[in-house]
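[1] the following block contains a protein sequence and its predicted model.
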Amino acid sequence: MEPAMKLYAISDLHVGEQANKQALAALPTYPNDWLILAGDIGETTDHFHYAFSLLSQRFKQLLWVPGNHDLWTLPSQLSGHDEVRGEAKYHQLVALCRDYGVLTPEDPYILWPGAEKSVLLAPLFLLYDYSFRPDDIPLEQVVSWAEEKKMACADEDLLYPDPYPSRSAWCEARCRLTEKRLQQVPSSTSLILINHFPLHESLVRLYRIPRFSPWCGTRYTHDWHRRFPVSVVVSGHLHMRATDYRDGVRFEEVSLGYSAQWARNKGIEGYLRQILPEPQGPRPRDAGPIWHM
């Protein structure tokens, strides 16, 4: 009997790091399975070509959502009228994905072919709006509040929001667009939401760098797992691998991270998270994190 088709997920490959790049090249082949790439493949189109040229040959289908590193425009890439930044950078990456047959947030949500019931895979592109901050910190003071503890985010210099006036405005536009799409999904359908940034603030557990939270998502999405027929939410960004449950919905943080944050002897295959079929075991209504080391 042919083995069941599987849906895997991983994020934050950061192939700009040599150890990550080499480990990706050593990844085995999964010819019948699909792979979600939940953002932060790298910082340049060369990083994307490298990753997609390998992974498109090793999985039956790839799905990608953008991470903040993916959207960076580095100083070396700024050359007057030739610069590609902001929304234009995103659409450049979408076009690159299509060259490799990779599904993106700009494609229709796709029916997962490996399940008997109707399961839709929904790649999302949602940013952050600094709302993951203490309620007593005004928006205009959030960056200086983080800097008080020597915390900064390179997005402030490298992730351009053009043509939007701010990253917050871009985030709001993406949230409203996505919300309308999700409202069209029948309630009888099971949704798997895929986004780079967490959709729920309670999942942002940055014990060593708590003031990095403003760059980690938006409160706009805090109830989406209840409002829509969601069974699983996949995200990355935090470099804190875990499985959580909120209101009976499974939340998977699937990041690999920088080379110091994962064990080389496990290889990248040791960090592929199986999303479907759902891992066996009790499904708690709500629980603390199950950490993946």
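    Received it, and whenever you're ready, just let me know what you need. Numbering: from 1, shown residues only.
[2] just the strands in the stretch 1-150 of the chain please.
    7-10, 30-37, 59-64, 110-111, 119-123 (DSSP state E, counting those that start in this stretch).
[3] which other helices and strands does the shortest one contact?
    On a contact count with 3 or more Cβ pairs under 8 Å, 6 or more residues apart in numbering; DSSP states H and E, strand 110-111 meets strand 119-123. From N, CA and C alone the C-beta is placed, and that goes for glycine too.
[4] and the strand it packs on, C-alpha only, in PDB?
    These are the backbone C-alpha positions of strand 119-123, laid out as PDB (Å, rounded to 0.1, in the frame of the first residue of the first chain):
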ATOM      1  CA  VAL A 119      -9.500  20.900   3.800                       C
ATOM      2  CA  LEU A 120      -8.400  24.200   2.300                       C
ATOM      3  CA  LEU A 121      -4.800  25.500   2.500                       C
ATOM      4  CA  ALA A 122      -4.800  29.300   2.900                       C
ATOM      5  CA  PRO A 123      -1.400  31.000   2.500                       C
END
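[5] tell me the mean pLDDT for that strand?
    Model confidence over strand 119-123 averages 97 on the pLDDT scale.
[6] note down every partner strand of it and its orientation.
    For strand 119-123, the paired strands and their directions (DSSP bridges) read strand 110-111 (antiparallel), strand 190-194 (parallel).
[7] what sits up against that strand?
    7, 36, 63-65, 103-105, 107, 109-112, 181-182, 185, 189-194, 231, 276 (Cβ atoms under 8 Å, 6 or more residues apart in numbering).
[8] just the buried subset of these, please.
    Neighbour-count burial (16 or more other Cβ atoms under 10 Å) is assigned, among the contacts of strand 119-123, to 7, 36, 63-65, 103-105, 109, 112, 182, 185, 189-194, 231, 276.
[9] output the longest helix seen in the chain as CSV, nothing but the C-alphas.
    Longest among the helix segments of the chain by residue count, using DSSP state H, is helix 167-182. Taking C-alpha atoms only, helix 167-182 is exported to CSV below (Å, rounded to 0.1, in the frame of the first residue of the first chain):
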residue,chain,number,x,y,z
ARG,A,167,4.1,49.0,7.7
SER,A,168,1.1,49.4,9.9
ALA,A,169,-1.0,50.7,7.0
TRP,A,170,0.3,47.9,4.7
CYS,A,171,-0.7,45.4,7.5
GLU,A,172,-4.2,46.8,7.8
ALA,A,173,-4.7,46.6,4.0
ARG,A,174,-3.5,43.0,3.9
CYS,A,175,-5.7,42.0,6.9
ARG,A,176,-8.8,43.5,5.4
LEU,A,177,-8.2,41.9,2.0
THR,A,178,-7.6,38.5,3.6
GLU,A,179,-10.6,38.8,5.9
LYS,A,180,-12.9,39.3,2.9
ARG,A,181,-11.4,36.2,1.3
LEU,A,182,-11.9,34.1,4.4
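[10] and it, how far out from the chain's middle?
    16 Å (Cα atoms, centre = their mean, to the nearest Å).
[11] what angle separates it from strand 190-194?
    On the basis of axes from the mean of the first three to the mean of the last three Cα atoms, to 10 degrees, helix 167-182 is oriented at 160 degrees to strand 190-194.
[12] just the mean pLDDT for helix 167-182, thanks.
    pLDDT averaged over helix 167-182 gives 98.
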